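Visitor: Sequence plus predicted model, see below.
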Amino acid sequence: MSEPALVVDHLEVRHGAVDAVRDLSLEVDRGEIVGLIGPNGAGKSSTLHAIMGLVGVRRGDIRFDGRSLVGRIYGELTVEENLRLGLAGRRSRSSGDDHLERAYDLFPIVREFRRRPAGVLSGGQQQQLAIARALVADPAVLLLDEPSLGLAPTIVDIVFDALASIRERGLAVLLVEQRAQRTVALADRCHVISHGRLRVTLTPDDAEDTRTMVAAYFA
Amino acid sequence: MRRVEPVTALIGPLALVGLTALLGTATSLSTRTYFITALINVAIVVALYLFIGNSGVLSFGHISFVAVGAWTAGVLAVPAAPKAAIMPGLAHLLRTTTVGNVPSLAIAAGVGGIYALVVGLPLMRLSGLTAGIATFAILEITHNILRYWEKIGPQLNAFSSVPATTGLLQAGVGAAIAVVIAFAYQRTRFGRLLRAARDDVAAARAVGISIYRQRLVAFALSGALAGLAGGLYIHLEPLGVEDLYLDLTFITLAMLVIGGANSLLGAVVGALAVSGVNYSLANAENGGFLQHYPGTHLVVVGAFMAIVLVARPSGLTGGRELSVPRLRSDKVEP
Amino acid sequence: MIAGLTVDWQTVTDAVALGAIYALMAVGIGLVFGVLRLVNFAYGQLIMAGAFALALAGEWNWPVWGGILLCFAVVLVLSLLMDRLVFRPLRTESPAVMLVATFAVAFLLQSIALLKFGGLGRTALSLASLERPVTIAGVDIRKITIVAVAATVVCLVTLLVILERTEVGLHMRAAAMDFRTARLLGVRASRVIGGAVLISGFLAAVAAIMLTVEETSQVTPAFGLDDTIIVLAGVVVGGLNRLLPATLGGFAIGFAYGFLGGALSSNQSQYLPSFVFGAVIVVLVLRPGGLFTRHGQGAIERV
């Protein structure tokens, strides 16, 4: 049995004098989306930053085989330059042109606008660009930090649809989100984190069950 | 954290000032100058602290207030006869006015304060890097004007014939005044409001504190103290415009940083400590083991400041005032 | 004569030369600021060190190219040391603290030079032949002017190519726009910062060499200090956090200084610094992002 694409093992992260994340364990296999939801300050971002290597890990282990974060795009750089930035995180030493081609294939809109500044793209297109950029690094795991933040519902549809198709292609996705219900509906598993600890794990069946959702969130 | 400093926080700095003055009396006349200079440095650094420490805003321009104060006191204190000879281009009012020692110091403080107020009007809206650059521009402008404007001073020449009235007593009293005023300011509403704004800008604004106004008050007050220090300085030795420019800016900033920019004690400790190092090294350079290496003391101070900034940015005192330790009977859970 | 100013082609060409050199310095300062958010007050000391290297090489009777190589070597090593020992540890502090730190480094280096070389300094004469003029179309142009302009154009074009066409350049631009996101994407901070520091140092070395001919061959511990202060003013007025406005600001102030310094009588040009720094304050208060930037592009904070 092969190891999951991302393993977080009893993670503990400190933020100054506070424990941001305590004893957090989760796994993401290839071809599945795992959600991480919770109120503000629960520790979602700290977990992501730890996986991205931006903050130190106090205790615990993180194992992955190539991960890439879907982050803010650079409005002033061209679409192609944004994509090329994604190459910075790639594992192989190849030129990366084939990676770029693959991203263009997945998101035709990106190819069409490749020489324009990324700022002229619409909100949904920018999200696609952000995802495309993360895919350029050919990761095994895709990390997303509240991608629906500030987006209109129709655009959130586009993003979540893109994530579903990415799942079909066999990638592993860790989706950190504030919009609980949609995330629970999309993800194969959805962990609820609060005060740095995992409280409960929800499945798509729970998406309609408001009582469970509320209880989980405000436990 | 808003707490009113206990009066004990005043004792430390004042004691150090007094001690320095006392020690100075025990030395020979030639080394006494170092002690007097150290006390004047205390006044300057305390002035710096009053603004920088309480507002959290950097100022590279305070030496211009020292210079303006020095110019004021010098021009007014030089007796009429030599004044006409040394500074022929002087404005009529300045040429015909001569005041005594204490008035010259008081006027120096006043002019320093007013100059700071005028300069602060546009500048106090700035903070951080822009404030640093803008105050540096003030330093440059003041230096430029003092250097070339013959109507207000000796331009490039050193201020000679100023009555040398700054001895240990005058310098000690001046430093003590600076310390007391800075301490008093800290305890007033102005000081507390400014520090509140320093610690949390958004909260301060939400409560309705006018950050601009509080900064302006501190800036003007610190300008007055700096002017006073300048007056003291010009009554000690003949200074030229270059003596009140970049090097002094650096040294006094270094003193504040090394001592600890967040406390009055830090300002005093820093000024005295660096002056002490300066003194011993200068001694060694003058005839001791460093005599073939003049200028070592500058290198040491510069290195010290860089090291403190990198390794212990809160300075020697760590931003703490001197307080009487109180025994706690209960422990508070974090 | 134009409006009371004594203008001749010599003044204009000299001003162009100074503008070109200041433009290079402006890029050096702006590049490091963009990536580190740090205003390197000690930039002038890098130039001083390079000039001293040139002077010493001359004294040791090295060939000219040897002196130039030594200049580059010294400046680059010093830049890297500055970065490693001072800038990197302080990266998380506020920009104001970093400004004070660079101030400290500047003072420290100047004091060391004073200790080692004394106030009189040394003379750098190896390139003195560039002082002599060449007559083009009836106008006497100092050779150094041509060299300075050519060097500036070459350096700037090369830098443009690096920034726009290479991977490192792209990473640098992204880091200057948004460092955090860049790191999240896998951009290596050390490489980007190191690159910026090296390029900045390279430009300082070029400026040092030019200045020993253009301004004065007398290299004292204060060499380059006044120039750096003036360039800083120009960069702030032009626009600190974007390279093009910074470069324009540097050139403009160099040209203005050179032109007015030559065209005005010594009496009239006395208060030039006051006007320049007065303009700095006006810009900082009214338009902190700089004159040449579009409104809202500045990253400089205000209360």
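Guide: Sure, I can see it.
Visitor: From here on, just use CA atoms for contacts and neighbour counts.
Guide: Will do.
Visitor: and the helix or strand that residue A:161 is a member of, what's its mean pLDDT?
Guide: Residue A:161 belongs to helix A:153-168 when assigned by DSSP states H and E. Mean per-residue pLDDT for helix A:153-168: 86.
Visitor: Show the average pLDDT along stretch B:306-325.
Guide: What stretch B:306-325 shows for mean pLDDT is 70.
Visitor: typo on my end, it should be stretch B:288-299
Guide: 78.
Visitor: which parts of it are buried?
Guide: B:290, B:294, B:295, B:296, B:297, B:298, B:299 (16 or more other CA atoms under 10 Å in any protein chain shown).
Visitor: hang on, isn't the fifth one packed against residue B:284?
Guide: No - the pair residue B:297 / residue B:284 is not scored as a contact, 9.4 Å apart, by CA atoms under 8 Å.
Visitor: Where do the strands of chain C begin and end?
Guide: C:122-123, C:133-136, C:139-142, C:218-219 (DSSP state E).
Visitor: Out of the ones you listed, the one nearest chain A is which?
Guide: strand C:139-142 (41.3 Å; CA to the nearest CA).
Visitor: Spit out the contact partners of the closest residue in space to residue C:249 that isn't next to it in sequence.
Guide: Using CA to CA, 6 or more residues apart in numbering or on different chains and skipping residues adjacent in sequence, the residue nearest residue C:249 is residue C:238, 4.1 Å away. Residues near residue C:238 by CA atoms under 8 Å, 6 or more residues apart in numbering or on different chains: C:245, C:246, C:247, C:248, C:249, C:250, C:290, C:291, C:292, C:293.
Visitor: do residue C:227 as well
Guide: Counting by CA under 8 Å, 6+ apart, residue C:227 touches C:22, C:44.
Visitor: do the same with residue C:223
Guide: So residue C:223 contacts C:44, C:45, C:47, C:48, C:51 (CA under 8 Å, 6+ apart).
Visitor: Can you select the buried ones among the residues you listed for me in ChimeraX?
Guide: Buried residues within these, by 16+ other CA under 10 Å, are selected in ChimeraX with:
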select /C:44,45,47,48,51
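Visitor: Spatially, which two of the contacts of residue C:223 are the most separated?
Guide: C:44 and C:51 (10.5 Å; CA to CA).
Visitor: all helices in the stretch 101-250 of chain B, in order from the N-terminus.
Guide: Secondary structure of the stretch 101-250 of chain B (DSSP state H, counting those that start in this stretch): helices located at B:101-123, B:128-148, B:168-187, B:189-199, B:201-207, B:211-234, B:246-259.
Visitor: now for those helices, which one comes closest to residue B:36?
Guide: helix B:168-187 (5.5 Å).
Visitor: by how many degrees do the closest one and helix B:189-199 diverge?
Guide: On the basis of axes from the mean of the first three to the mean of the last three CA atoms, to 10 degrees, helix B:168-187 is oriented at 70 degrees to helix B:189-199.
Visitor: Buried by neighbour count: which residues of helix B:168-187 qualify?
Guide: Buried residues in helix B:168-187, defined by neighbour count with 16+ other CA under 10 Å: B:168-183, B:185-187.
Visitor: Using the record's domain definitions, break chain A down for me.
Guide: Following the assignment in automatic domain parsing, chain A carries domains at A:1-65+A:142-148+A:172-219, A:66-139.
Visitor: Could you pull up the contacting residues of residue C:28?
Guide: C:199, C:200, C:201, C:203, C:204.
Visitor: Among those residues, which lie within helices?
Guide: Judged by DSSP state H, the contacts of residue C:28 include C:199, C:200, C:201, C:203, C:204 as members of helices.
Visitor: Give me the residue ranges of the chain where confidence is low.
Guide: Using chain A here. A:1, A:216-219 (pLDDT under 70).
Visitor: The chain in question should be chain C.
Guide: C:1-6, C:292-303.
Visitor: Can you pull the residues of it lying near chain B?
Guide: C:86, C:89-90, C:94-96, C:99, C:101, C:103-105, C:107-109, C:111-112, C:114-115, C:270-271, C:273-274, C:277-278, C:280-281, C:284-285, C:288, C:300-303 (CA under 8 Å from any CA of the partner chain).
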